[in-house]
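> turn this into a structure:
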Amino acid sequence: MGKPTGFMEYQRHSQRERDPKERINDWKDYTKPMSEQEIKLEGARCMDCGVPTCHTGTEINGQTTGCPVYHLIPEWNDLVYQGKWKEALEREHERNNFPEFTGTACPAPCEGACVLGINEDPVAIRTVERAIIERGFDEGWVVPEPPEKRTGKKVAVVGSGPAGLAAAAQLNKAGHLVTVYEKNDRVGGLLTYGIPEMKLPYYMVERRVKILEAEGITFVTNAEIGGNVPVEQLREEFDSIILCGGAQVHRNIDVEGRDLKGIHYAMDFLHSNTKSLLDSNHEDGNYISAEGKDVIVIGGGDTGTDCLATSLRHNCKSLTQFDIYDKKGSIRDALGNPWPQYPIIHRIEYGQKEAASKYGDDPRAYAVQTTKFVGDEDGHVKEVHTVNVKLRIENGKKIRETIPGSEKVWKADLVLLAIGFSGPEQSLIQKLGVETTDRSTVKAEYGDYRTNVEGIFSAGDMRRGQSLIVWAINEGREAARECDRYLMGSTVLP
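As a prediction, this is how the structure comes out:
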């Protein structure tokens, strides 16, 4: 624990942010560092709660509670408070290969399960987590640690997102020769092309990949398995394969006018933006631009928020975000959403703050359902028609009823669909003969990760469906453990 009375003496200090009016003019990290003293005092707020729930990840009513990688949170909070930063870093890395990713882009279900959060502001766990790993890089403590000996076994990891990177890192520690295949031109999967630069700067991914390369992992980019890299090549060259390709089949919206020009999937918008930014600082023009446009973002989640922030940096004309749900309350429902569940409350994220700084108000419209798109004479979207809805539960099922008289027409030049993913792409799965579930995800039991095909494992979103970075790291680590057991008959991995 931190200071025994710290939670009574100190107020929460969470990650600071740059001025929204300033940061929408660049692509730099929208946050700014906190002082060492502020971080130490936040660590001091970690109370002696007896049975901490922050570090034990599970799911309750479909929501993640606590940390799925079982981070030793109370331990590193105490070490930070004591000024033992290097020891805190060792505790971080004991359960999480990439605390810089979770400390930056995880929604922090650990904080939702913090005991202090029952009646006070929870400890700003994610803020402390990121401060520890950044201190580690600044001090030169994060260095390559290649294995002392090699087993001679070769493993192919398909996909270089958080699950693939975690699996590769762990298998390499066990002494296996690991090759990671990535279909895009840069390593990182959605860490690179799904999360915008100002939220997760690419240098964070790049510096970690360089360490993994120095430890002996081989990365092959522009490599689509089943495309320019034959499936047979993997089966012949490797002793085992781990599928970590993510869940990238977009959810669509089935309404009139969907085929109009100017309507794009959010991930296509974000991917093209980041690639053009990293390739040429946008000089090549190879991206979907929101400049001067009336933008409608359909979807109220994190990806929708990332679309807001990106559109603002393009200098859009106007910006609206549709949320199918009603506006939530400022405090959790004690009966329907009790502690330690992740608090389902109204949040104002970085993108909404930025939009409000430019346009004067939160850009979200709640309980809105799109009914059709209308185009101009050139076949380009010009309007989005909507109706308000109310939700009721019948026999455990959600039913949305339209509210008569609530119809509305919104001007739009660019519409971004940020309503999630339905599952993984099927081509590679079919070519490998791997069985799938009724949700089209790879069929492999959690904790075991073996598919029906000998020597092939699967982890992350490709197995569990669209989820969190921290779950992907959890599954990548555990799949590596089971793969090691398969290859060696026993395992040295946690």
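
> tell me what the top strand by length along the chain is packed against?
Using DSSP state E to define each element, the chain has its longest strand at strand 381-394. For strand 381-394, the packing partners by 3 or more C-beta pairs under 8 Å, 6 or more residues apart in numbering; DSSP states H and E come out as strand 368-375, strand 397-402, strand 408-411, strand 414-417. Using the backbone N, CA and C atoms, a C-beta is placed for each residue, glycine as well.

> contact partners of that strand?
Contacts to strand 381-394, defined as C-beta atoms under 8 Å, 6 or more residues apart in numbering, come from residues 257, 260-263, 296, 322, 324-326, 365, 367-376, 398-403, 406-415.

> out of the helices and strands packed on strand 381-394, flag the one nearest Q170.
Closest to Q170 of the helices and strands packed on strand 381-394 is strand 414-417 (C-beta to C-beta; 35.3 Å).

> need the next SSE after that closest one, C-terminal direction.
strand 421-423 (DSSP states H and E).

> list the neighbouring strands of that following strand plus their orientation.
Strand pairing for strand 421-423, determined by DSSP bridges: strand 249-250 (antiparallel).

> so, low pLDDT: which residues of the stretch 1-150 of the chain?
In the predicted model of the stretch 1-150 of the chain, residues 1-2 satisfy pLDDT under 70.

> quick check, D413 in contact with D294.
Yes - assessed by C-beta atoms under 8 Å, D413 is found in contact with D294 at 5.1 Å.

> can you list residues touching both of the two?
In contact with both D413 and D294: K317, using C-beta under 8 Å, 6+ apart.

> give the helix, strand or coil label for the closest residue to G216 other than its chain neighbours.
By the measure of C-beta to C-beta, 6 or more residues apart in numbering, the closest residue to G216 outside its immediate chain neighbours is P146, 5.1 Å from it. Recorded secondary structure, P146: coil (DSSP: H, G, I helix; E, B strand; the rest coil).

> from here on, count from 34
Yes, from this point I'll number from 34; that puts the last item at P179.

> what's the burial count for P179?
Residues lying near P179 (other C-beta atoms under 10 Å) number 13.

> next: P155.
Residues lying near P155 (other C-beta under 10 Å) number 23.

> any of the contacts of strand 414-427 buried? List them.
Among the contacts of strand 414-427, those buried by neighbour count (16 or more other C-beta atoms under 10 Å) are 290, 293, 295-296, 329, 355, 357, 398, 400-403, 406, 408, 443, 445-448.

> ok, now which ones touch I452?
Residues counted as contacts of I452 (C-beta under 8 Å, 6+ apart) are 284, 286, 331-332.

> nope, M237 is what I was after
By C-beta under 8 Å, 6+ apart, the contact set of M237 is 133-134, 137.

> which of those tops the neighbour count?
F134 (27 neighbours).

> so that one makes contact with I502?
Yes - the criterion here is C-beta under 8 Å, and F134 meets it with I502 at 5.7 Å.

> intersection of neighbour lists for these two?
Residues touching both F134 and I502 (C-beta under 8 Å, 6+ apart): 195, 224.

> quick revisit: so of the contacts of M237, which ones are in helices?
Counting by DSSP state H, those place 133-134, 137 in helices.

> about what we covered before: out of the helices and strands packed on strand 414-427, nearest to N261?
strand 447-450 (28.8 Å).

> longest helix in the protein, please.
Secondary structure of the chain per DSSP H: the longest helix is helix 502-521.

> pLDDT of that helix, averaged?
For helix 502-521, the mean pLDDT works out to 98.

> that older thread, quick check: buried residues in the longest strand of the chain?
414-422.

> what's the answer for stretch 255-267, then?
Within stretch 255-267, the residues scored as buried using 16+ other C-beta under 10 Å are 256, 258-259, 262, 264, 267.

> equivalent analysis for stretch 226-242, please.
Neighbour-count burial for stretch 226-242 flags 226-235, 237-238, 241-242 (criterion: 16+ other C-beta under 10 Å).

> need the CA coordinates for it. CSV is fine.
The C-alpha trace of stretch 226-242 is given here as CSV (Å, rounded to 0.1, in the frame of the first residue of the first chain):
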residue,chain,number,x,y,z
TYR,A,226,-3.4,2.5,-37.5
GLY,A,227,-6.5,2.3,-35.3
ILE,A,228,-5.6,4.7,-32.5
PRO,A,229,-4.7,8.3,-33.7
GLU,A,230,-1.2,9.7,-33.2
MET,A,231,-2.2,12.3,-30.6
LYS,A,232,-3.7,9.5,-28.4
LEU,A,233,-1.0,6.8,-28.9
PRO,A,234,2.0,8.3,-30.6
TYR,A,235,3.7,5.9,-33.0
TYR,A,236,7.1,6.3,-31.4
MET,A,237,5.7,4.3,-28.4
VAL,A,238,5.1,1.3,-30.7
GLU,A,239,8.3,1.8,-32.6
ARG,A,240,10.6,2.0,-29.6
ARG,A,241,9.0,-1.2,-28.1
VAL,A,242,9.3,-3.0,-31.5
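
> and stretch 45-53, how far from the chain's centre?
Taking C-alpha atoms, centre = their mean, to the nearest Å, one finds stretch 45-53 lying 20 Å from the centre of the chain it belongs to.

> residues making contact with that stretch?
Under the contact criterion C-beta under 8 Å, 6+ apart, stretch 45-53 has outside partners 56, 61, 63-67, 71-72, 74-75, 78, 154-157, 159-160, 163, 383, 386-387, 389-391.

> ends of it, how far apart?
21 Å (C-alpha to C-alpha, to the nearest Å).

> buried stuff in that stretch?
45-48, 51, 53.

> next: stretch 70-80.
For stretch 70-80, the neighbour count (16+ other C-beta under 10 Å) marks 71-80 as buried.

> ok, those vs E215, which is closest?
I72 (34.1 Å).

> what helix or strand does the closest one sit in?
Using DSSP H and E, I72 sits in helix 69-77.

> not counting its neighbours along the chain, what's nearest G466?
V486 (5.6 Å).

> same question for A299.
Using C-beta to C-beta, 6+ apart, the nearest residue to A299 is A451, at 3.7 Å.

> next structured bit after the helix or strand E55 falls within?
In this assignment (DSSP H and E), E55 forms part of helix 53-56. Next along the chain after helix 53-56, taking DSSP H and E as the criterion, comes strand 64-65.

> who touches that next one?
The contact list for strand 64-65 (C-beta under 8 Å, 6+ apart) reads 48-51.

> next up, the contacts around the residue nearest to K360 when sequence neighbours are not counted.
Using C-beta to C-beta, 6+ apart and skipping the chain neighbours, the partner closest in space to K360 is Y399 (4.5 Å). Contact partners of Y399, counting by C-beta under 8 Å, 6+ apart, are 356, 358-360.

> could you rerun that using 10 Å?
By C-beta atoms under 10 Å, 6 or more residues apart in numbering, the contact list for Y399 reads 333, 354-361, 379, 421-422.

> repeat for K232
K232 is in contact with 62-64, 137-138, 335, 338-339, 342-343, 382-384, counting by C-beta under 10 Å, 6+ apart.
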